[in-house]
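>>> Give me the fold of what follows.
(one chain, ligands or ions: 1)
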Amino acid sequence: MNEQELISVARRLVAEDKGLLAMDESNGTCNKRFASAGIPQDRQTRRAYRELLVTTPHLSESISGTILYDETIRQSTKACIPFVQVIIKAGMIPGIKVDIGAKDMAAYPGEKITEGLDGLRDRLKEYFQMGARFAKWRAVITIGNGIPSLGCMDANAQALARYAALCQEAGLVPVVEPEVLMTGDHSLERSRESTKSVLHNVFSHLYSQRVMLEGMILKANMVLPGLTCPKQESVDEVADATVKCLLQVVPAAVPGIAFLSGGQSGELASARLNAMNARSKPSLPWALAFSFARAIQQPALEIWKGSEANVVAAQHALYHRAKCNQAARRGEYTAAMENAPALALA
Ligand code: 13P
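I've put the predicted structure just below:
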């Protein structure tokens with residue numbers, strides 16, 4: 001393991017006002033999103049969509065790295081240039097999702113355990129040779145009646161820590177993602193308690209597995225009331241609850257926290273990230289960045305609809321959401337930017 005290299009890549013991923021574009025949907029998830037936008041669900045259409053994303057002009061102004069899926073990292077543009085080369089040439093860092101999904105956890109009804117450790121060392125070696133310099137593993141934690149359980153949090157945290165150690169051994173920066181879902185009617189307070197327990201557990205396992213904190217990124221959920229909770233706190237309340245929770249459990253050695261969007265609208269995700277940076281940035285030990293999939297991609301996907309004729313308009317939409325989140329990293333995002341020509345692709 002080259003420690004300096006890992007530290008340098010981790011810092012570049014969250015440097016200045018940039019963030020990550022998560023475009024690592026599994027075929028199943030990608031097909032589901034295509035289906036709801038009326039787009040054909042096959043390998044060639046997924047390839048065409050990912051080409052649209054990675055070839056968006058000037059994307060690297062606001063995006064430091066892109067997370068790919070196994071199918072995508074092996075694909076190329078229509079002109080036969082591998083996506084990895086396109087990403088590197090544009091000045092972004094290619095990353096790869098390496099878990100193989102969250103499955104029902106035996107003896108823990110209603111809870112999930114993420115799989116993918118078997119054979120991971122060899123897969124990481126191959127991804128590194130293909131040009132990936134960071135990886136992602138997502139654990140899924142559900143809030144419900146009597147859950148999350150300690151057993152589920154513990155098993156997922158241990159898997160995350162073992163994955164992270166293997167990544168660093170292979171020269172890849174681990175993006176450690178324990179996602180507490182926003183599905184449900186739980187309060188913001190329950191989200192805060194669960195997020196705190198989950199992260200506490202994750203960092204305890206990262207310590208046991210000797211993961212170098214300076215060479216990793218935490219991908220976290222915001223502390224949010226459940227989607228169907230009648231009480232929905234304001235943007236500032238969500239921002240303050242999230243920052244307070246993270247300060248209690250995330251060591252200062254971690255260079256950055258990149259949020260997932262988790263089903264929030266693009267505008268809300270930008271507004272909440274903005275409020276955290278506007279209200280707290282100077283006093284935080286780590287960068288607060290973004291690693292959104294839906295909150296960056298959704299408008300582009302809806303405009304594209306699978307048609308070549310809509311590619312440029314879809315790229316404009318992608319560029320615009322990425323620029324809004326770049327502004328949010330500086331604490332300078334405003335709702336007015338949603339229609340601002342200054343953020344449009346020239
Ligand atoms: P969302 O931003 O759509 O939640 O996706 C982020 C992600 O990568 C989930 O693993």
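>>> Check what pLDDT Ala340 gets.
According to the prediction, Ala340 has pLDDT 78.
>>> quick one, what contacts it?
By C-beta atoms under 8 Å, 6 or more residues apart in numbering, the contact set of Ala340 is empty. (Each C-beta comes from the backbone N, C-alpha and C, glycine too.)
>>> what's the spacing between it and Glu3?
Distance, Ala340 to Glu3, using C-beta to C-beta, to the nearest Å: 42 Å.
>>> just Asn277 next, same as before
29 Å.
>>> out of the two, which sits in the busier spot?
Per other C-beta atoms under 10 Å, whichever of Asn277 and Glu3 has more neighbours is Asn277, with 23 against 11.
>>> count of residues packed around the residue nearest to that one when sequence neighbours are not counted?
With C-beta to C-beta, 6 or more residues apart in numbering as the criterion, Asn277 has its nearest non-adjacent residue at 3.9 Å, and that residue is Gly331. The number of residues packed near Gly331 is 18, by other C-beta under 10 Å.
>>> Which pLDDT value does the model give Gly331?
98.
>>> Look up phi and psi at it.
Backbone torsions of Gly331, given as degrees, to the nearest 10, read phi 70, psi 30.
>>> Look up how far Leu273 lies from it.
9 Å.
>>> in the stretch 51-200 of the chain, what residue is nearest the ligand?
Proximity of the stretch 51-200 of the chain to the ligand (C-beta to the nearest ligand atom) peaks at Arg138, 4.2 Å away.
>>> Which elements pack onto the strand or helix carrying that residue?
Element membership for Arg138 (DSSP states H and E) is strand 134-141. For strand 134-141, the helices and strands in contact under the criterion 3 or more C-beta pairs under 8 Å, 6 or more residues apart in numbering; DSSP states H and E are helix 3-13, strand 63-68, strand 93-97, strand 102-104, strand 112-114, helix 150-170, strand 173-180, strand 217-220.
>>> what's the last one packed up against?
Here strand 217-220 is seen to pack against strand 134-141, strand 173-180, helix 188-208, strand 256-259 when contacts are counted using 3+ C-beta pairs under 8 Å, 6+ apart.
>>> coming back round to it: tell me the confidence at the residue nearest to the residue of the stretch 51-200 of the chain closest to the ligand when sequence neighbours are not counted?
Residue nearest to Arg138 in three dimensions, not counting chain neighbours: Glu177, with 4.3 Å by C-beta to C-beta, 6+ apart. What the model reports for Glu177 is a pLDDT of 99.
>>> Glu177: what's it in contact with?
Shown in contact with Glu177 (C-beta under 8 Å, 6+ apart): Lys136, Trp137, Arg138, Ala139, Leu160, Leu218, Lys219, Ala220, Leu260.
>>> if you set the cut-off to 10 Å instead, what comes out?
Counting by C-beta atoms under 10 Å, 6 or more residues apart in numbering, Glu177 touches 22, 67, 97, 99, 114, 136-140, 160, 202, 217-221, 258, 260, 291.
>>> part of a helix, is Lys32?
Yes - Lys32: assigned to a helix according to DSSP: H, G, I helix; E, B strand; the rest coil.
>>> of all of the stretch 1-150 of the chain, which residue lies closest to the ligand?
Closest residue of the stretch 1-150 of the chain to the ligand, C-beta to the nearest ligand atom: Ala22 (3.5 Å).
>>> doesn't Ala322 make contact with that residue?
No - look at Ala22 against Ala322 with C-beta atoms under 10 Å: they stay out of range, at 11.8 Å.
>>> Please identify the most buried of the helices and strands packed on strand 217-220.
Most buried of the helices and strands packed on strand 217-220, by mean neighbour count (mean count of other C-beta atoms under 10 Å): strand 173-180, with a mean of 27.
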